[in-house]
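Enquirer: Let's see this in three dimensions:
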Amino acid sequence: MKGAENLVRKQYLIAPHQVEKLQLLAKKQKTSAAEVVRMAIDAFNPDIPEELNESELFDLVSARVKEAIADTKTTRKRLKKTLVALGEK
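Expert: Residues are numbered from 1 along each chain as shown. Next comes the predicted model:
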């Protein structure tokens with residue numbers, strides 16, 4: 001546990017199925033349930049609109065990957081030209 005001296009004890013009520021899920025996640029992560037809760041809180045970003053659904057997120061990631069592939073191809077072509085030019089000297 002990182003920075004235990006900076007932690008604050010709080011109590012929250014959660015449903016039994018959430019307790020089971022929390023315990024399962026903690027076991028899979030090989031950590032405590034409290035650490036899983038802290039990671040979930042850290043991962044939550046209220047600035048991301050809720051209406052951004054899985055499909056839109058996939059489309060966004062897909063577009064970025066396509067851009068990266070195109071950039072990589074362009075860079076490889078330039079690198080190949082440079083290597084050929086250097087080989088001619």
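Enquirer: hey, let's count contacts and neighbours off CA atoms from now on
Expert: OK.
Enquirer: For Q18, the count of nearby residues, please.
Expert: If you count neighbours by other Cα atoms under 10 Å, Q18 ends up with 11.
Enquirer: Spit out the contact partners of it.
Expert: Contacts for Q18 (Cα atoms under 8 Å, 6 or more residues apart in numbering) come out as none.
Enquirer: Can you pull the phi and psi angles for it?
Expert: When read as degrees, to the nearest 10, the backbone of Q18 gives phi -70, psi -40.
Enquirer: Against L25, how distant is it?
Expert: Going from Q18 to L25 by Cα to Cα, to the nearest Å gives 10 Å.
Enquirer: which helix of this protein spans the most residues?
Expert: As assigned by DSSP state H, the longest helix anywhere in the chain is helix 54-88.
Enquirer: now it: how far from the chain's centre is it?
Expert: Remark: helix 54-88 is offset 22 Å from the chain centroid, using Cα atoms, centre = their mean, to the nearest Å.
Enquirer: Just the mean pLDDT for that helix, thanks.
Expert: Helix 54-88 carries an average pLDDT of 91.
Enquirer: Go ahead and report the secondary structure state at D47.
Expert: coil (DSSP: H, G, I helix; E, B strand; the rest coil).
Enquirer: tell me the contacts of it?
Expert: By Cα under 8 Å, 6+ apart, the contact list for D47 is empty.
Enquirer: Now do the same for it: its pLDDT.
Expert: Confidence score, pLDDT, at D47: 75.
Enquirer: ditto for L24
Expert: Looking at L24, its pLDDT is 94.
Enquirer: V37: neighbouring residues, count only.
Expert: V37 has 14 neighbouring residues, counting by other Cα under 10 Å.
Enquirer: should've said N53
Expert: 9.
Enquirer: Could you do the one 4 residues further on as well?
Expert: The number of residues packed around L57, counting by other Cα under 10 Å, is 11.
Enquirer: for it, what are its contacts?
Expert: Applying Cα under 8 Å, 6+ apart, no residues contact L57.
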